[in-house]
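[1] sharing a model that was predicted from the sequence below.
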Amino acid sequence: MDPPIEPLESDCCNSGCNPCILDIYEEQLKKYNQRKTQEKNQIVHMNCILPTAYTVFTVNNIEPHCKDAVFITFEYSRFIKQTDHGNDVKPLKVMFNPGQYLMLKTGPTNQEFQRPYTPLPTENADNLKFTVLIKLYEIGQMSSYIRKLKCGSNTVWRGPYGNFSINYSYKHILLIAQGVGITSLYGIICDIIKQEECDSFLKLYFCCKSFDTIYLRNKLYSLQSNWNFSYELFLSNPENVDEKYNETVHKAKLEVDVLKTYLKDKVDNTQVLICGNEHFMQCFKEIVICCKVDEKNIVLF
Ligand SMILES: Cc1cc2nc3c(=O)[nH]c(=O)nc-3n(C[C@H](O)[C@H](O)[C@H](O)COP(=O)(O)OP(=O)(O)OC[C@H]3O[C@@H](n4cnc5c(N)ncnc54)[C@H](O)[C@@H]3O)c2cc1C
């Protein structure tokens, strides 16, 4: 953007024109200076996690969550020589889009294995860390590796992957999550809520096994204070349920009728995002299609 050309004092005829050439200049100069300050403050970062090379991240924090899951925060390891980022001197930052995932690799060279995990939206300003919510399976290859991690352990990651990009123009976004599949949809919910100019309504139907495996429940509960977001829980095992004020808990599985009622007058302007295991996603995709949502408005993760 070039600076505006300053008019001569004599260019103003002093007869109270609207707009006056000098006022316009002042306005344009103000905009130009604002833009320049913004550009100066905008630091361009380089992503320190790459899709085509492995990067070492050290376990920074482990925090239990629910019965069978943990939050683990990983920090870029400054002390290990990492893949060369060329001659670039831009500051490093872990960067990913909502809905994207990263791959964790482990195992001896000839038996390496990898699993995808979805980084949660960054809540603090630390650019070199990311946090994932990990469900630990009783018998699971990666689960048993993760159980052995301690603060200071080194881990190897690549990413981010996934092409989903948020379309802010839908009037309604229906999100259907199963279990730990909430991690992909949670980042998307946070992103949309943050956009002040976006006026989409978000509805989450969250299917959980039991009361003690409602992942990210407190975070979802606080997000519900936003005018455009609400969620309902569906528990297949409804024992010992402790309901919070203003939280809808169904002591049953999510059924077709609930979706039919919700979609009844919205099919034309609703996007449906579904995340869970393959069987869950296919099953709900078919149900949503039966409710007359066009297939192009359905995204599976
Ligand atoms: C795009 C994507 C993003 C993901 N993000 C996350 C995330 O943020 N957090 C997270 O915890 N997981 C996430 N997962 C699932 C994760 O990658 C692993 O599949 C899971 O943690 C199991 O790994 P494991 O090696 O311990 O178990 P495995 O050795 O692979 O499997 C052991 C047993 O666990 C059970 N199992 C494994 N995966 C599933 C599943 N998805 N649903 C039901 N049962 C299963 C099966 O019974 C299986 O026999 C994601 C998956 C995908 C595809």
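    Cool, got the structure. Just so we're clear, the structure is a prediction, and the values are computed from it rather than from any experiment.

[2] can you tell me the closest non-neighbouring residue to the residue in the stretch 151-300 of the chain that the ligand sits nearest to?
    Closest residue of the stretch 151-300 of the chain to the ligand, Cβ to the nearest ligand atom: T183 (3.6 Å). All C-beta spots, glycine's among them, are computed from the backbone N, C-alpha and C. Closest residue to T183 apart from its sequence neighbours, by Cβ to Cβ, 6 or more residues apart in numbering: T118 at 4.0 Å.

[3] the one you found against N97, yeah?
    No. In this structure T118 lies outside contact range of N97 using Cβ atoms under 8 Å: 11.1 Å.

[4] of the two, which one has the most company?
    T118 (27 against 14; other Cβ atoms under 10 Å).

[5] from the ligand, how far off is that one?
    For T118, the distance to the ligand equals 4 Å [Cβ to the nearest ligand atom, to the nearest Å].

[6] residues contacting that residue?
    Applying Cβ atoms under 8 Å, 6 or more residues apart in numbering to T118 gives the contacts G99, Q100, Y101, L102, V132, L133, T183, S184, G187.

[7] pretty sure K260 sits against V293.
    No. Applying Cβ under 8 Å as the test, K260 and V293 come out as separate, 10.9 Å apart.

[8] settle it for me: which of those two has more neighbours?
    Legend: neighbour count by other Cβ under 10 Å for K260 and V293, higher for V293 (21 against 14).

[9] got the contact list for that one?
    Contact partners of V293, counting by Cβ under 8 Å, 6+ apart, are L263, V267, T270, V272.

[10] next one: Q28
    By Cβ under 8 Å, 6+ apart, the contact list for Q28 reads P4.

[11] show me which positions of the helix or strand encompassing it end up buried.
    Per DSSP states H and E: Q28 is located in helix 21-41. Of all the residues in helix 21-41, those buried under the rule 16 or more other Cβ atoms under 10 Å are L22, Y25.

[12] and the average pLDDT for that helix is what?
    When pLDDT is averaged over helix 21-41, the result is 83.

[13] partner residues bridging the residue lying closest to K90 once chain neighbours are set aside?
    Spatial nearest neighbour of K90, excluding adjacent residues (Cβ to Cβ, 6+ apart): M46 at 4.3 Å. The partner list for M46 in beta bridges (DSSP bridges) reads L92.
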